[in-house]
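Trainee: task: produce atomic coordinates for the following.
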Amino acid sequence: MNEFTSIELTRRQLLALAGAGVGSAVLAGCGGSDGESVAANANPAEGSVSPSCVLTPDEAEGPFYADLDLVRRDITDGRSGSPLELRIAVVDADGCTAISGAEVDVWHADADGLYSAFTEQGEDEDVDTTAESFLRGVQTTDRRGIAVFDSIYPGWYPGRTAHVHVKVHFADQTEVTTQLYFPDDVSSTVYTGHEVYVARGDKDTSNDDDGLGAELASLRMGVMEGDAGHIATATIGIDRS
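Mentor: Numbering: from 1, shown residues only. I've put the predicted structure just below:
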């Protein structure tokens, strides 16, 4: 599905999305009355709201990308961890319009800080996960521009803060490759309070100390508690001009 569908997000529509648990990532102040375009960036977990649509910056792809084309919402593959629902909205940064039919490709580490599909991992570089595909998946954005994944809270590994890798493909090309980050306090709560993570303890690198751009506010997700775990929301703005 590569046909571009531009759907103007009015205030009323965004409030409807908020009722579905998605609006916290999308609501902002780029227009006030019904019928006006509304900006697409907000960070409820840290209390910040962008005054306009933001073009999402590229971040390092990292060494663990695998083009497996696994189209699926549930990416856990039985991996243990604190449940995480990841909701990503894709918008045109020039005009604040939702983009349907974009392919959102995500991948991240498990509770032990390991990625699927690669060798030489772990502290002793002796872990081989080449036969596995956990915590990887692709979803196509719906008519509201939203893709949803069922996952677990990603673990950490030395030198990096908690993060999720994302690629957005549209019209047969990659529009952005980036990384999304979690609030430090939420990560600490998970890592010190959930049995799957507690043996490793809290991460050794904060968002501000991460050297790969975690200081960029537009890449920090809003995270709230859900019925079973956490819900993380993010908006990715791409340039379709």
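
Trainee: for stretch 196-215, the distance to its chain's centre please.
Mentor: Distance of stretch 196-215 from the chain centroid (C-alpha atoms, centre = their mean, to the nearest Å) equals 16 Å.

Trainee: what's the neighbour count on Ala131?
Mentor: Applying other C-beta atoms under 10 Å, we find 7 residues neighbouring Ala131. C-beta: built from backbone N, CA, C; applies to glycine.

Trainee: list the contacts for Tyr157?
Mentor: By C-beta atoms under 8 Å, 6 or more residues apart in numbering, the contact list for Tyr157 reads 109, 113-114.

Trainee: cool, and Ala162?
Mentor: Ala162 neighbours (C-beta under 8 Å, 6+ apart): 153-156, 181-182, 187, 203.

Trainee: got a pLDDT number for it?
Mentor: Note on Ala162: pLDDT of 97.

Trainee: so Thr140 makes contact with Ile99?
Mentor: No - Thr140 lies out of contact with Ile99 (C-beta atoms under 8 Å); the separation is 10.6 Å.

Trainee: pick out whichever of the two has more residues nearby.
Mentor: Taking neighbours as other C-beta under 10 Å, Thr140 and Ile99 compare with Ile99 leading, 23 against 15.

Trainee: could you check which helix or strand contains the more buried one?
Mentor: Assigned by DSSP states H and E, Ile99 belongs to strand 97-100.

Trainee: elements contacting that strand?
Mentor: Applying 3 or more C-beta pairs under 8 Å, 6 or more residues apart in numbering; DSSP states H and E, we find strand 97-100 packed against strand 5-8, strand 83-92.

Trainee: so what strands line up beside the last one?
Mentor: Okay, so that is strand 83-92. strand 97-100 (antiparallel), strand 146-152 (antiparallel), strand 230-238 (parallel) (DSSP bridges).

Trainee: CA-only coordinates of the last one, as CSV, when you get a sec.
Mentor: Below are the C-alpha coordinates for strand 230-238, written out as CSV (Å, rounded to 0.1, in the frame of the first residue of the first chain):
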residue,chain,number,x,y,z
HIS,A,230,3.1,0.7,29.4
ILE,A,231,1.9,2.5,26.3
ALA,A,232,4.5,4.5,24.4
THR,A,233,3.4,7.1,21.8
ALA,A,234,5.4,8.9,19.2
THR,A,235,4.9,11.0,16.1
ILE,A,236,7.2,10.8,13.1
GLY,A,237,7.2,13.7,10.7
ILE,A,238,8.4,13.1,7.1
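
Trainee: please pull out the lowest mean pLDDT helix or strand from this structure.
Mentor: Here the helix or strand of the chain ranked lowest by mean pLDDT, DSSP states H and E is strand 48-49, holding a mean of 28.

Trainee: picking that back up, following the strand holding Ile99, which helix or strand comes up?
Mentor: strand 103-107.

Trainee: which of the residues in whichever helix or strand comes after that following strand are classified as buried?
Mentor: Later in the chain than strand 103-107, the nearest helix or strand by DSSP H and E is strand 136-140. Buried residues in strand 136-140, defined by neighbour count with 16 or more other C-beta atoms under 10 Å: 136-139.

Trainee: stretch 137-156 now?
Mentor: Residues of stretch 137-156 classed as buried by neighbour count (16+ other C-beta under 10 Å): 137-139, 141, 144-156.

Trainee: distance check, Ala232 against Asp204.
Mentor: Distance, Ala232 to Asp204, by C-beta to C-beta, to the nearest Å: 21 Å.

Trainee: look at these two and report which has more neighbours.
Mentor: Between Ala232 and Asp204, Ala232 has the larger neighbour count (other C-beta under 10 Å), namely 27 against 13.
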